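Participant: model the structure of this input:
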Amino acid sequence: MGAKQIDTIVFDLGRVLIHWDPYGYMVEHFDEEVAKVLTEKVFSIEEWNLMDKGEISEAQFWKMVEERYPEYGEYIRHMKSAVLSLLKPIEENAKLLPVLKKMGYRLLVLSNFSYKAFEHVYNTFEFFKYFDGMVISSHVKKIKPNEDIFYELMERYGVVPMHSLFIDDRKDNIETASRLGFSVIHLTDYRVLKEELEKVLGHPVE
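Facilitator: Have a look, this model is predicted:
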């Protein structure tokens, strides 16, 4: 794949550069059954996507799920308060950004992120300074895996898929990128990003 002369690397954020494991947190703080219920009824519902897409606010989302499941109100309120604290940099992956930048790659972000949560990470994490541009779902009212958000990235930054690498933890997002002509890394384990980059780029990342 290195022969494709990749010049642009497009990163997802969650589980690629930023830790995101609400289930793990809930298992530690609540019992497992509550963790399973909240994963299904809070973190895996269509309204979560609407929040990421910027069609409803964080306040609207949490009010809605608390009203829908009052028997879990205590746990829902806890997660509403805790959710931003779960977003922490994956340090070993963030450290690759200045290395890739120095090697001459253009670095971009394409990520599904709610407005408030993105503002939090953007203003907190140093690694955003290495990016040349970003397309965030809640800011453009478009969301992965739909093609329109990829076209937004391509048009805004002149991204040529055949010269670009897209990295994401979700299979559906990877499938869209691949269909559009991107080289891809389906990152199911954040700990192997460096190794996977070296495979695709065809040289050491150091």
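
Participant: nearest spatial neighbour of Ser138, chain-adjacent residues omitted?
Facilitator: Distance criterion Cβ to Cβ, 6 or more residues apart in numbering; nearest residue to Ser138, sequence neighbours excluded, is Gly54 at 3.6 Å. Where C-beta positions appear, they are placed from N, C-alpha and C, glycine not excepted.

Participant: check for me that that neighbour belongs to a strand.
Facilitator: No: secondary structure of Gly54 (DSSP: H, G, I helix; E, B strand; the rest coil): coil, not part of a strand.

Participant: how about the strands in the chain?
Facilitator: 8-11, 18-19, 88-89, 106-111, 133-136, 164-168, 183-186 (DSSP state E).

Participant: what lines up beside the fourth one in the sheet?
Facilitator: So that's strand 106-111. Within its sheet, strand 106-111 is paired with strand 8-11 (parallel), strand 133-136 (parallel), according to DSSP bridges.

Participant: show residues contacting it.
Facilitator: 7-14, 97, 100-101, 118, 128, 130-137, 144, 149-150, 153, 157, 159, 166 (Cβ atoms under 8 Å, 6 or more residues apart in numbering).

Participant: and the strands paired with strand 106-111, which is most packed in?
Facilitator: Highest mean neighbour count among those (mean count of other Cβ atoms under 10 Å): strand 8-11, with a mean of 24.

Participant: tell me how far that strand lies from the chain's centre.
Facilitator: Its chain's C-alpha centre and that of strand 8-11 lie 13 Å apart, by Cα atoms, centre = their mean, to the nearest Å.

Participant: so what touches it?
Facilitator: Against strand 8-11 from outside (Cβ under 8 Å, 6+ apart): 17, 100, 105-111, 131, 153, 157, 159-160, 163-167, 177, 182, 197.
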